[in-house]
Structure formats: structure tokens, C-alpha cells
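[1] Need coordinates for the following:
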Amino acid sequence: MPESRIVDWTAIVWMKEVCMKRLVSIGLLLVLAAAIPVGASTFLMMSPSELVRDSAAVVQGTQPGDQRIVVEVKTDDLQQPIRREESTRVFGDQ
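    Numbers count the residues shown, from 1 in each chain. Next up is the predicted model:
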């Protein structure tokens, strides 16, 4: 006697729809991921003179590694100077 199978076509159609939505979502994410470095890489394409052209102050590291910078601002209006200390990472020329 042959086996009889009951096929739930709605489940199959639903599964195909879910798979298609996932493929489209993954494709869109890949397109976005490919576009991000293009927009974010403009900083890396600038020459040192372009980077400092409109800067009010420029600090240049003397050696690669973790460094700290201390900035102190004094004005006639303030009795105490404003002092800020920040850590930064200086990269060597490659």
C-alpha cells in the first residue's frame, strides 16, 4: 500500500516568503556595509596639511603609544584656569 502524505502548502509558501525576506535583508546589509568604508575613509585620504588647515591648535605626538595631553585655558574672566586631561593613542608612520 503506497504511503499517503499530507502537504501543508501554506507552511511551504510561508517558509519561502521568510527565506526571501531574509535574503533581501542580508543583501541590503551587505550593500550598506560596502558603502560605509567609502564615506568613512575620507579622513584617511587627507594630507597632513589638509588636516591642520582649519584647526585652532595642533598637537603632534613624539612617539607611538598611549599618550596623555593636558590643556589649560586661562582667561581674564575666570579666577581659576580650566584644565582638561585626555588620553589618546598615537600611531607611528607606516
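[2] Distance check, residue 61 against residue 72.
    According to Cβ to Cβ, to the nearest Å, residue 61 and residue 72 sit 19 Å apart. C-beta here means a position set from N, CA and C on the backbone, and glycine is covered the same way.
[3] Just list the residues touching residue 72, thanks.
    81-84 (Cβ atoms under 8 Å, 6 or more residues apart in numbering).
[4] mind checking pLDDT for it?
    With respect to pLDDT, residue 72 scores 88.
[5] cool, residue 86 as well?
    So, for residue 86, pLDDT stands at 86.
[6] What's opposite it in the beta bridge?
    Beta bridges link residue 86 to residue 69 when assigned by DSSP bridges.
[7] just for the chain, where's the confidence low?
    1-4, 7, 35-45, 93-94 (pLDDT under 70).
[8] Strands along that one, start to end?
    Using DSSP state E, the strands of the chain run over residues 65-73, 82-90.
[9] In TSV: those strands, plus distance to residue 52.
    Shown next, in TSV, are the strands of the chain (distance: least, Cβ to Cβ, whole Å):
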stretch	distance to residue 52
strand 65-73	16
strand 82-90	15
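[10] I'd like to know how far residue 78 sits from residue 69.
    Between residue 78 and residue 69 the computed distance is 21 Å (Cβ to Cβ).
[11] okay, now the nearest residue to residue 81 once chain neighbours are set aside: neighbour count?
    Nearest residue to residue 81, sequence neighbours excluded (Cβ to Cβ, 6 or more residues apart in numbering): residue 74, at 4.4 Å. Burial measure for residue 74: 10 neighbouring residues, criterion other Cβ atoms under 10 Å.
[12] Next, work out how far apart residue 74 and residue 47 are.
    Distance of residue 74 to residue 47, computed by Cβ to Cβ: 33 Å.
[13] Then residue 15?
    Taken as Cβ to Cβ, the span from residue 15 to residue 47 is 54 Å.
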